[in-house]
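**Student:** sequence first, then the predicted structure, then my questions.
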Amino acid sequence: MIYSLLVLSPPHSGQGASTAVQFARAAISRGHSIHRVFFLDQGTYNACAAQVTPQDESDTLQQWVDLAQESNVELVLCIASALQRGLIDSTEARRYDKQAATIHPAFVISGLGQLVDASAASERMITFGC
Amino acid sequence: MILHTLNRAPDSAAFRDCLRFLTADDALLLLGDGIYAALKDSSSSEELAVTGASLYVLEADASAAGIVNLLGNDVTLVDFAKFVELTEHFPRQQAWH
Amino acid sequence: MPSNAKNSLLVVVRHSPYGSSVARSSLEVALAAAAFEQPVGLLFVGDGVLQLIPDQEPSGIGVRNIAKLIQSLPLYDIETLYADEQALQRYGLDPQTLPQQLLPLNTAAIQALFSNYDHILSF
């Protein structure tokens, strides 16, 4: 089946974000495809490129990046949520005259239409809350 | 036929709201702090039992919390593969968080 | 490819208007769904009904007005707002004083509503 995920949970605060990425991997292992993961509200913090995870803890950012690269999963941040939190790509950095991009390039910034489109294109929508 | 997920502790508004809408046709997967709702002999586990919904607990979270042996008998521990399997079976998920 | 380009969407809102940014995000999801012509329902459950109180004036806390956003929903073809009747009673809110497109539902009706949509997005 085709799945899409909505992630509202930030990384490193509760298990929500880590649960979401492990769910995605398990779904792919069971033969499903993940069409898109849409990050909204505090969930957009998952894309922050400057996260330094303690060595004995799991690196959620790297897990998302691996998911995107190995399984061709789209990782999309809600633009309104991301900009408010200082999570920008190089295009937005130029537009708002900020020094540098702050998100990992495995993620893209787009509008809520991408969440609506994901729901139209997917047989399952799974939400991971705070 | 709804898969409910709950990741807030049993004293939360999320738990109260979730409890009201569970039916015997539904399943409830407890994760994060939601797992504590399934503690054996707790008032929350008794309230959940009354709904008739099937109860599941995410094993990774229950192990982390040290409560695997403190869960009631009517609870099924699930790994991520089984979590996915629940979403195959139930077309809709309602997340209480 | 989409197996069903018109999957209907139920947006479930259960947070107070200004306690977090989630309330605003959830309404914007409903608006986006309507803008992209996806069938969308909006259900206010539990503390979510607090978003329906009309005389909100959040200029003092420097954020946008959630009540105004809710009032604008019919303009975007979100005609019916469903509300948790039990939560309205619990907070002493009289449906007569709330947005007129509001339909209070009891618990059984809300349980039935969940199954009327292809997907649920819960906030």
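**Tutor:** Ah, there it is.
**Student:** identify the residues contacting the closest residue to A:Arg124 other than its chain neighbours.
**Tutor:** Sequence neighbours aside, A:Tyr3 is the residue nearest to A:Arg124 in space, at 4.6 Å (criterion: Cβ to Cβ, 6 or more residues apart in numbering or on different chains). Placement of C-beta: from N, CA and C, glycine included. Counting by Cβ atoms under 8 Å, 6 or more residues apart in numbering or on different chains, A:Tyr3 touches A:24, A:27, A:32-35, A:122-126, B:87.
**Student:** rerun that using 7 Å as the cut-off
**Tutor:** A:27, A:32, A:34-35, A:122, A:124, A:126 (Cβ atoms under 7 Å, 6 or more residues apart in numbering or on different chains).
**Student:** chain center to stretch A:46-58, what's the gap?
**Tutor:** 14 Å (Cα atoms, centre = their mean, to the nearest Å).
**Student:** oh, I was asking about stretch A:33-52
**Tutor:** That offset, for stretch A:33-52, works out to 2 Å (Cα atoms, centre = their mean).
**Student:** where does the residue most central in space within chain C land in three-state SS?
**Tutor:** With distances taken as Cα atoms, centre = their mean, C:Leu42 lies nearest the centre of chain C, 4.0 Å away. Assigned by DSSP: H, G, I helix; E, B strand; the rest coil, the conformation of C:Leu42 is strand.
**Student:** enumerate the positions of the top helix by length along chain C that are buried.
**Tutor:** When chain C is parsed with DSSP state H, its longest helix is helix C:22-35. For helix C:22-35, the neighbour count (16 or more other Cβ atoms under 10 Å in any protein chain shown) marks C:22-34 as buried.
**Student:** show me which residues of chain A are close to chain C?
**Tutor:** A:6, A:8, A:40-41, A:81, A:112-113, A:115-116, A:119-121, A:123, A:125, A:127 (Cβ under 7 Å from any Cβ of the partner chain).
**Student:** which of the residues you listed lies closest to B:Ser42?
**Tutor:** Proximity of the residues of chain A next to chain C to B:Ser42 was ranked by Cβ to Cβ; the top entry is A:Thr127 with 26.0 Å.
**Student:** not counting its neighbours along the chain, what's nearest that closest one?
**Tutor:** Using Cβ to Cβ, 6+ apart, the nearest residue to A:Thr127 is B:Ala95, at 4.1 Å.
**Student:** now for that neighbour: which residues touch it?
**Tutor:** Going by Cβ under 7 Å, 6+ apart, the list of residues near B:Ala95 reads A:127, A:129, B:5, C:122.
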